[in-house]
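S.K.: Pasting a predicted model and its sequence here:
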Amino acid sequence: MLDDAQPSPAIPEQLPAIPDVYVDTFAFTASAYTVTWDLGLTNPATKQVEPRLIVRMSPQYAKLVAILFRRAVHEYEANMKCEIALPPDLLQQHNMNLETDW
């Protein structure tokens with residue numbers, strides 16, 4: 001009697017909404033099995049960071065995402081014929097050097 005079949009309770013009727021967020025701050029943490037990416041938004045009035053999204057993934061997947069993200073930014077710069085500039089103080093704050101880190 002296939003007509004009487006009920007949907008499996010393990011399959012939700014409606015998937016939750018996909019978050020669509022803007023962030024201006026982030027932090028990474030890593031363990032042996034997980035890389036966590038905490039994304040937040042700075043409240044201009046209080047200068048406090050309001051958490052918006054936490055993304056967890058395996059270190060292997062994090063490496064793949066990092067490579068693909070870098071490739072996407074390079075392709076954007078090539079297509080737009082521009083280089084995205086980063087302020088020197090921002091690079092210094094994160095102990096970065098574009099010559100070696102990019």
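M.R.: Structure received.

S.K.: ok so residue 73 is a strand residue?
M.R.: No. Assessed with DSSP: H, G, I helix; E, B strand; the rest coil, residue 73 is helix; it does not lie in a strand.

S.K.: How about it: what's its closest non-neighbour residue?
M.R.: Distance criterion C-beta to C-beta, 6 or more residues apart in numbering; nearest residue to residue 73, sequence neighbours excluded, is residue 84 at 7.0 Å. Backbone N, C-alpha and C define where each C-beta goes, glycine included.

S.K.: Tell me, how many residues neighbour that neighbour?
M.R.: Neighbours of residue 84 under the rule other C-beta atoms under 10 Å: 10.

S.K.: That one against residue 78, yeah?
M.R.: No. Using C-beta atoms under 8 Å, residue 84 is not in contact with residue 78, being 11.5 Å away.

S.K.: if we can go back for a sec, just read off the phi/psi values of the residue nearest to residue 73.
M.R.: Residue 84 has phi and psi values of phi -70, psi 120 when expressed as degrees, to the nearest 10.

S.K.: Need the pLDDT of it.
M.R.: Reading off the confidence values, residue 84 has pLDDT 95.

S.K.: And it, how close does it get to residue 17?
M.R.: Look at residue 84 and residue 17: by C-beta to C-beta, to the nearest Å, they are 31 Å apart.

S.K.: What of residue 71?
M.R.: In this view, residue 71 and residue 17 are 29 Å apart by C-beta to C-beta.

S.K.: Could you check which of those two has the larger neighbour count?
M.R.: Set residue 71 next to residue 17 and count neighbours by other C-beta under 10 Å: residue 71 wins out with 10 against 6.
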